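Asks: For reference, the sequence and a predicted model appear below.
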Amino acid sequence: MTELLQTLIFGALIGGVYALMATGLTLTFGVMKIVNMTQGALLVLSAYLCYSLWVHFGIDPILGAFLITAPMGLLGVALYKLVIERVQRIDHGLTIVATFALAMIAEGLIALAWGPNTRATTPPYFNRSFRIGSLVVPQAQLYACLLAIGVTVVLQLVIKRSWLGYAITAASENPEGARLVGVEPVRVGAWIFAISVASTAFGGAALSFLFQFVPDSQDVWIGLTLSVVILGGLGSLAGAFAAGLLLGVAEAMTTTYVSVRWATAVPTLMILIVLTIRPQGLFTRATRQDLAT
Amino acid sequence: MRVTILRRTLVVAALAVLIAYPIVSNDLYYQNLLILTFMLAIGASGWNIMGGYAGYISLGNSVFIGLGAYTTGILAAKHGVSPFLGCLVGGLVCAIAAALLSLVTRRTRGMYFVIVTFAVLQLLALVTTTWSSLTGGSPGLALPLPTWSLDYQNWPFYYPLLGLLVLTVAVSALVRRSKLGLGLFAIQDDEDKATGLGLRTAVYKMIAFVLGGTFIGIAGGIYAYYVTFLNTGAVFDIVASVLMVLAALLGGRGTVWGPVVGAFILEPLANFTSTGIGGANSGAIRLLIFGGLLLAVVLFLPRGVLPTATSLWQRAMARRSRPSPDEGAGPAQRSSASISVSPRGSDVDGGGRVLEVHDVVKTFGGLHAVDGVDLAVERGSITGLIGPNGSGKTTLFNLIDGTVAARSGHIALGGKRIDRSGRATRAHAGLARTYQLPRLFPSLTVIENIVLPERRLSFTRLWRKRVTSPERQRAIAVLESLGLANFADTSPADLSYGQRKLVELAQALWLDPALIMLDEPAAGISPALSQRLADLIRSLHSQGVGILLVEHDLAFLSSLCQHVYVMANGKIIANGSVAEVSADRAVVDAYLGDDVALAPAEVHA
C-alpha cells in the first residue's frame, strides 16, 4: 500500500513537470495547428542556460528561469518570423519538417557551445526530501510541480481573461474573421510563439535539476512532450496537465512494477494507442470539424 | 516530349555506367559510396510513394531498415538462414509493420502520421536495445561472415542493391501512372472529398506505405550483411530517416526520379562529412549541415531540384501549347447539355423513395444544427431544399453523405440504411454530391478528375492506367457535351468558376449515382452556364437519377422541382410545390427573420 501511494506521489509530481515541459507545444499545437518539433531542443537549451547561470553565477535554476524567459520569448518570435511563418505560406504540411530541421541545427549548436558531456544543476534541494510518515516527497520534484501549476494557471488566465487571449482564440478559430476586426493573425502568431517559447524556459529549468542532460537529450524530450499533447487532446492546457499526470503515474507504475528499462517506452506506446483508438485525445470532446473546410 | 527523351537517355546511360563500374574499377571506396547511395535512393523512393504521392510524411522510415536488418541478422546469426532468404523475410516483416502502422492513418491525418512514425522509431530502438535475449541488446549483434569468395569484393551487395533500386523505381513509376497513384495524389489534395467519391483511401494508403516499407526492409537486410554487425543506434537512426526525407525533397517530392537524384547528390555529401570532418565536433557539424540543408530546401526549393530544372528546361526549349481559356460557356457541341448515366438500383424497382431521412439530429455543443429532420426524395424526382443561410442545409448534406455522423435518426438510400456506413460505402451504394464551392483536385488534370470516382474497390483496377481508353472516350464525350473538350488535359486551375462547377458535376455523375445532391449549383455562375446546368439536371431527371437540390434562386428551382422542402433553424418548416411554400406564412417569416422560433408550430397543422 505504501509502495503504491509512494509510486502515485512520484508519478503525480513528475507528471506535473511533464505538463510544464509540454506547455509550449500545447499552445502552438492547439492554437495554430503547428507541431513545433524544436520543443525538445528549446527545453534542453533552457536547461543549459540555467546550468551556465548556476555554474558561473550561482543563480538558482528556478530564478534563472525567470531571467531567461525574455530572451527565450524573443527567440520564439524570431523562430516564427524567420521560419515558421514563411514555411506556412509555402506548404503548411512542411512546418513539421522545417521545425525538425531547426531542432537538428539547435542540437548541433548546443553541442558546439557546451560540449558533449552530461550536465545537471545541483541546487541545495536537488537531492533532499520531505518525509510524511513513511512516504517520501522529493523537494526538487515538489518545487518543479508547483512551478508547473503556477505557469499553467498564469497561462490559462492570460488566455481566458486578457485581450491577447481573446485575440489568440479568435485568430485560431477564424483567421479571416479576426482580420476583419483588426486582429492580424501573423502578429498573434508571433505572440503565441513568444509565450510558448518563453514558458519553455520553466520546463527547461525543471529539467536542469531533475534530470541529467546532453545535447541529444532533445530527442527524448520531444517524444515525451508530443505524447503529453496528443494524450491531452487538441492543445488544451488543462487537458495537457491531466495527460502529464497520467503519463507520470503510468511511468512510475511501470518503473515500480515492471522494469525501469521499459518505463521510457510508456510515452511512445501511449502515442500509438491513443492515435489508433481515440485520436482527438483523452480529455477532449469531438468538436465541429467541417467549418475549416 | 523532349524532356522525356532526354530523361530516358540519361537514365539508360547512368544505369550502364553503374552496371559496368565494379567490373572496370575495384576501388572499394567508391564501391562503398555507391552501395550507400543505392541504400539511400531506395529509402527515398520508398518514402516517396507515401510521402510524395499521398502527402503523408514519415520521419521514421529507417524503422524499416532496422526491422529488415534485424530480421535478417537474427535469422542468420541464430538460425543459420541464408541471407538471400533472410532479406525477403525482412521485407515481409516490414510489410506487416507498415500495414499495421497505416491503420493509424484511418482516423488521423497529416501531422499525426509524422508523430506516429517518429514515435515508432523511438519505440523500436528502445525495444531492440532492451530485448537483449533476441537482439543482442546494446552491445550489438554480429552476423556470420559471408561464405562467398573474397574475390567477389562488394559485388554480392552492389548488384542486388542496384537491382532492388531499379525495381523500387519501376514500381514507383508504375504506381504513379496507375489508378492507385491517381488516388494517392487525390488523397494529398483533398482526402475528404476523395472518400466521398468512393475511394477507400485507407486501402490506398496502406498499399502505398507497405510498398515503400517492403523495399526499404529488403535493402535493410542486405545492409545487415554488408556491415556484418548491427547495433540499435546505427540502424534505427533518426538521421538516416531524415536523410531519406531530405533526399526526396531535394530531388523532387512526388516525382519518380527526384528521390534518386536527391540521393545521388546527398550521399556523397554525407559520406564526405563523415570521413572529411573529424574530431570531437564532427557529430555537431553533421547536424548543422543536414539540418541547415533540410531547412534550406524547405524554404528555398520546396519543389525540389528535378521539377525546378524540368520547368526551366521546358521554358527554355519551347512554349507549351495551351488552349486559350474561353471565358464563360465555350462552344457546346450539342444543342443541350446531357450526360448519360445509368443510375444504380433503377432497374430493381421503378418507384419508391431513393432517399429517406427520418428524425435526424445533429448538435454542435449546444447548437441544434439539424433538429429532427424528415425528408424523402422519390426515385427519379427533382426535390428542392431551401432555407435561409445557416438553417442547416449543408449540414444535412454532410449527414447524408457521412462527412459528419448524426447523433440520432435513420438515413436510407434505396431502402437500405446507410447512416452507420462510411463515406466510401455510401458512394458505392449510389450517393454523390457536389459542393457549394467546387473542390476539384489541383494535382490532377480535368479528365483525371472526372474518371477518379470509384464505384467499388477492385485491386486489379488499381493497377490500370490512370485513364483507360474506354474511360477517356466516355469522359471526352461528357466534356464535349459540356463544351469543355479542349480542357481535358489541362489543370482545373485553368477553368473558370462556373466551368469547375460543371466538371465537378460530371465527376460526381461518374459514380452513376441513384441520388445526387447538388449544393447551390447555380450560385455565382453566368446565365449561359446556368441554362446549360438546368438542361443537364433535366436530362439526369429523365434518366432516372434522383436529385436533391439546395438553391436560393427560386426561379431556377421552380423551373425544375416538383417538390420543395423549406428548412429553418435546423427544422423542416414546410414542404410542397414552390408555389405552395412561397405562399406559406412561416416560410416568409423565416426568410424575413420574423419570430422564426414561434412559427414552426403552426405550419404542419
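Replies: Yep, it's here. Numbers count the residues shown, from 1 in each chain, chains lettered A, B, ... in the order given.

Asks: can you map out the strands along the chain?
Replies: You didn't pick a chain, so chain A it is. Ranges of strands within chain A are A:129-132, A:135-138, based on DSSP state E.

Asks: You answered for a different chain; I wanted chain B.
Replies: Using DSSP E, strands in chain B cover B:141-142, B:229-230, B:353-364, B:367-378, B:382-386, B:408-413, B:416-417, B:431-433, B:515-519, B:546-550, B:563-568, B:571-576.

Asks: what does the last one rub up against?
Replies: Meaning strand B:571-576. Residues outside strand B:571-576 that contact it (Cβ atoms under 8 Å, 6 or more residues apart in numbering or on different chains) are B:371-375, B:563-567, B:580-581, B:584, B:586-587, B:590, B:599-600, B:603. In this view, the C-beta of every residue, glycine as well, is placed from N, C-alpha and C.

Asks: so what's the closest residue to residue B:246 other than its chain neighbours up against?
Replies: Distances taken as Cβ to Cβ, 6 or more residues apart in numbering or on different chains place residue B:294 nearest to residue B:246, at 4.9 Å, with adjacent residues excluded. Residue B:294 makes contact with A:97, A:98, A:100, A:101, A:104, B:242, B:245, B:246, B:249 under the criterion Cβ under 8 Å, 6+ apart.

Asks: now, among those, which is nearest to residue B:26?
Replies: Proximity to residue B:26 was ranked across the contacts of residue B:294 by Cβ to Cβ; first place goes to residue B:246, at 31.0 Å.

Asks: Look at that closest one and report its pLDDT.
Replies: The model reports residue B:246 with a pLDDT of 94.

Asks: Compute the distance between it and residue B:396, please.
Replies: 47 Å (Cβ to Cβ, to the nearest Å).

Asks: can you list the residues of the stretch 1-150 of chain A near chain B?
Replies: When proximity is defined as Cβ under 8 Å from any Cβ of the partner chain, the stretch 1-150 of chain A approaches chain B at A:33, A:35, A:83, A:86-87, A:90-91, A:93-94, A:96-98, A:100-105, A:107-109, A:111-112, A:115-116.

Asks: coming back round to it: adding mean neighbour count and mean pLDDT, write the strands of chain A out as JSON lines.
Replies: Below are the strands of chain A laid out as JSON lines (neighbours: other Cβ atoms under 10 Å in any protein chain shown; pLDDT from 0 to 100):
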{"stretch": "strand A:129-132", "mean neighbour count": "10", "mean pLDDT": "87"}
{"stretch": "strand A:135-138", "mean neighbour count": "15", "mean pLDDT": "88"}
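
Asks: Residue of chain B closest to chain A, please.
Replies: Nearest residue of chain B to chain A (Cβ to the nearest Cβ) works out as residue B:291 at 3.1 Å.

Asks: just checking, that residue touches residue A:102?
Replies: Yes - under the criterion of Cβ atoms under 8 Å, residue B:291 makes contact with residue A:102 at 6.9 Å.

Asks: State the pLDDT value of residue A:171.
Replies: pLDDT recorded at residue A:171 is 79.

Asks: Which residues are in contact with it?
Replies: For residue A:171, the contact set (Cβ under 8 Å, 6+ apart) comprises A:31, A:178, A:183, A:185, A:188, A:189.
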